[in-house]
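Undergrad: What would the 3D arrangement of this be:
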Amino acid sequence: MPTIDLNSDVGESFGNWTFGDDAAIITSVTSVNVAGGFHAGDPTTIRATCAAAAAAGVTVGAHPGYRDLAGFGRRFIEMDPAELSNDVIYQIGAVQALARAAGTAVRYVKPHGALYNTIAHHPVQAQAVVDAVLAVDYRLPLMVLPNSDIERLAQAAGLRTVAEAFADRAYNPDGSLVSRSLPGAVLHSVEAVTAQVVRLAVDGTVVAIDGSVIAVPAVSICLHGDTPDAVRLAAAVRAALHAAGVSVASFV
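TA: Numbering: from 1, shown residues only. Coordinates of the predicted model:
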């Protein structure tokens, strides 16, 4: 029986601004990426999200991004590598402390948004992120896009990498994600999302935006919590995997 982890970005509310239904998403996934406060999240939100994950038996990961609250971490920022490393260390540490206070622990790291996409092809920033994880705890796995610069550099440094695919994102023929600025970049229908997830989990492939079939070796599949109808999509994905004979469990 094939096994797959389902992860989702959570803890992205800020102050009085509420974003996403984390409590509902947590019931359908096995790992959660908790925002570290730079692109979204605040101490109260982080601790509450970690507590909810702990109560549900869901694995907690730190979700660091660029220092970009206004842009939700989805804008590239040119940074000195040492500064970027320190920003990532800071965010991992914040989630670690609040997770511990909530009765759980950070078990992996997944970069967010523009940082995640940048380190797939930007070796300088990718190395800065690798250096940050090594400085905090070399035992923390790093969730990455397969066949990317960050995957190669992390493995060369001795870090465990976790290859990730996306339930609701369209792919380019080279295995990269279609830019959100382009039409068709995000899948919205239950049928399209569930079909992509089952194919990824069972065959390790996805149909790219040009119709070609490409290999995407995934250990974890991301269900974005900020897409419309995310809660219903997450429940449908889990049910579809069960129907296809796929076991859903954390990779940790």
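Undergrad: Show residues contacting whatever helix or strand residue 89 lives in.
TA: In this structure, residue 89 sits in helix 81-101 according to DSSP states H and E. With contact meaning Cβ atoms under 8 Å, 6 or more residues apart in numbering, helix 81-101 is reached by 34, 36-38, 43, 46-47, 50, 54, 60, 62-67, 79, 105-106, 109, 111, 124-125, 127-129, 131-133, 135-136, 140. Backbone N, C-alpha and C define where each C-beta goes, glycine included.
Undergrad: what does the average pLDDT come to for it?
TA: Helix 81-101 shows a mean pLDDT of 98 in the predicted model.
Undergrad: how deep is the nearest residue to residue 159 once chain neighbours are set aside tucked in, by neighbour count?
TA: Distances taken as Cβ to Cβ, 6 or more residues apart in numbering put residue 142 closest to residue 159, at 5.3 Å, once the chain neighbours are dropped. Using other Cβ atoms under 10 Å, residue 142 has 25 other residues around it.
Undergrad: contacting residues around residue 142?
TA: 108, 109, 110, 129, 130, 133, 150, 154, 159, 160, 161, 162.
Undergrad: Check those residues for burial and list the buried ones.
TA: Buried by 16 or more other Cβ atoms under 10 Å: 108, 109, 110, 129, 130, 133, 150, 154, 159, 161, 162, out of these.
Undergrad: three-state assignment of residue 130?
TA: Three-state call for residue 130 (DSSP: H, G, I helix; E, B strand; the rest coil): helix.
Undergrad: Do I have it right that it meets residue 155?
TA: No: assessed by Cβ atoms under 8 Å, residue 130 is found out of contact with residue 155, at 9.5 Å.
Undergrad: Who does the helix or strand hosting residue 62 pair with, and is each partner parallel or antiparallel?
TA: Assigned by DSSP H and E, residue 62 falls within strand 59-63. When sheet partners are counted by DSSP bridges, strand 59-63 sits next to strand 31-35 (parallel), strand 106-109 (parallel).
Undergrad: Give the rounded mean pLDDT of the last one.
TA: It refers to strand 106-109. In the prediction, strand 106-109 has an average pLDDT of 98.
Undergrad: for the longest one, same thing?
TA: Along strand 31-35, the predicted local confidence has a mean pLDDT of 98.
Undergrad: got the contact list for the helix or strand following it?
TA: Downstream of strand 31-35, the first helix or strand assigned by DSSP H and E is helix 43-56. With contacts defined as Cβ under 8 Å, 6+ apart, helix 43-56 is touched by 10-14, 22-23, 26-27, 32, 34-37, 41, 59-60, 94-95, 98-99, 101-104.
Undergrad: Output the below-cut-off pLDDT ranges for the stretch 151-252 of the chain.
TA: 226-228 (pLDDT under 70).
Undergrad: ok so, going back, give me the residues contacting the strand holding residue 62.
TA: With Cβ under 8 Å, 6+ apart, strand 59-63 has contacts from 7, 9, 11, 30-36, 50, 53-54, 91-92, 95-96, 99, 104-112, 143, 250-252.
Undergrad: Can you show me the CA trace of that strand as PDB?
TA: The C-alpha trace of strand 59-63 is given here as PDB (Å, rounded to 0.1, in the frame of the first residue of the first chain):
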ATOM      1  CA  THR A  59       3.200  16.900  12.900                       C
ATOM      2  CA  VAL A  60       4.400  20.500  13.300                       C
ATOM      3  CA  GLY A  61       6.900  22.100  10.900                       C
ATOM      4  CA  ALA A  62       8.300  25.700  10.800                       C
ATOM      5  CA  HIS A  63       7.400  27.800   7.800                       C
END
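Undergrad: relative orientation of that strand and helix 81-101 in degrees?
TA: 150 degrees (axes from the mean of the first three to the mean of the last three Cα atoms, to 10 degrees).
Undergrad: what is the rounded mean pLDDT of strand 59-63?
TA: 98.
Undergrad: centre of the chain versus it, how much separation?
TA: 9 Å (Cα atoms, centre = their mean, to the nearest Å).
Undergrad: Buried residues in the helix holding residue 89, which are they?
TA: For helix 81-101, by 16+ other Cβ under 10 Å, it's 84-92, 94-96, 98-99.
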